[in-house]
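Colleague: I would like the atomic coordinates for the input below:
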Amino acid sequence: MALTVDLVVFAVANKVLHVAVVERGAQPFLGNWALPGGFVQPGEDALAAANRELAEETGLDLGAHRVFVEQLATFSAPQRDPRMRVVSVAHLILLAGDGTNLVELRSGTDASDAQWLPVHAMDRTSLAFDHADILAAGLERLAGKMEYTTIAAQLVPEEFTLSALRDVYAAVWQAELPAGNFTRKMRTSLTPTGRKVQAVGAPASLFTIGSEWISPPWSRP
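Modeller: Numbers count the residues shown, from 1 in each chain. Coordinates of the predicted model:
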């Protein structure tokens, strides 16, 4: 039996939720899109392997970016890998961005290509192994936690506008939330910085995370 890691890496740009994928350059599933990941080496724990595999396959150095990482689930179906019995520890990774641009990915090791794909528009059924199930679990974890925590703020800069945060909700939940209701709901969980940035029409206030929790929680559309 072997141990691997698989990584669900999300980022938001232009109100669209993207996931990092790599094109497999070796069998099995040669040419298929897959989540970044690979085998845990002797002397590594799962998190160290996740950091290494992501850097090797996509060029993403988690230490160089503002990121949120948490263990997602363990996937252990007997036939999930045609090579041998393989158990995978999946991780959810949220990559903060400016809401417009995505960090460039560079393929390496056994990946022929590395790209960001729009989660809600992609054909998940063509993903290698059981990565469609892993991606679905990552999406549900993120969408669910956005109801009662400020995890959505992990996808924007450390200081952000309410509009930028609302764009994350639109990207993940595929629903537009009214600006007024959104502001009233979120203000108690955020801390104003006293600074503003120029926005369309008028300067917009900047906020940071004030509390991990949203109370009362959202009811997801």
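Colleague: Next SSE downstream of the longest strand along the chain?
Modeller: In the chain, with assignment by DSSP state E, the single longest strand is strand 2-13. Using DSSP states H and E, the helix or strand that follows strand 2-13 in sequence is strand 16-24.
Colleague: Which stretches in the chain count as strands?
Modeller: 2-13, 16-24, 33-34, 37-39, 67-75, 86-95, 111-118, 190-197, 204-209.
Colleague: Dump the ones you listed to CSV, plus distance to Leu165.
Modeller: C-beta coordinates here come from the backbone N, C-alpha and C atoms, glycine included. Below are those laid out as CSV (distance: least, Cβ to Cβ, whole Å):
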stretch, distance to Leu165
strand 2-13, 10
strand 16-24, 14
strand 33-34, 29
strand 37-39, 29
strand 67-75, 14
strand 86-95, 13
strand 111-118, 20
strand 190-197, 8
strand 204-209, 8
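Colleague: got TSV for the ones you listed, with mean pLDDT and distance to Ala143 too?
Modeller: Supplementary listing: those in TSV, determined by pLDDT from 0 to 100; distance: least, Cβ to Cβ, whole Å:
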stretch	mean pLDDT	distance to Ala143
strand 2-13	98	11
strand 16-24	97	9
strand 33-34	97	21
strand 37-39	96	22
strand 67-75	98	13
strand 86-95	98	11
strand 111-118	94	15
strand 190-197	96	20
strand 204-209	97	19
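Colleague: how far away is the closest residue to Leu7 other than its chain neighbours from Arg106?
Modeller: Residue nearest to Leu7 in three dimensions, not counting chain neighbours: Pro36, with 4.7 Å by Cβ to Cβ, 6 or more residues apart in numbering. Remark: distance between Pro36 and Arg106 (Cβ to Cβ, to the nearest Å) = 12 Å.
Colleague: what touches both of the two?
Modeller: Common contacts of Pro36 and Arg106 (Cβ atoms under 8 Å, 6 or more residues apart in numbering): 58, 114.
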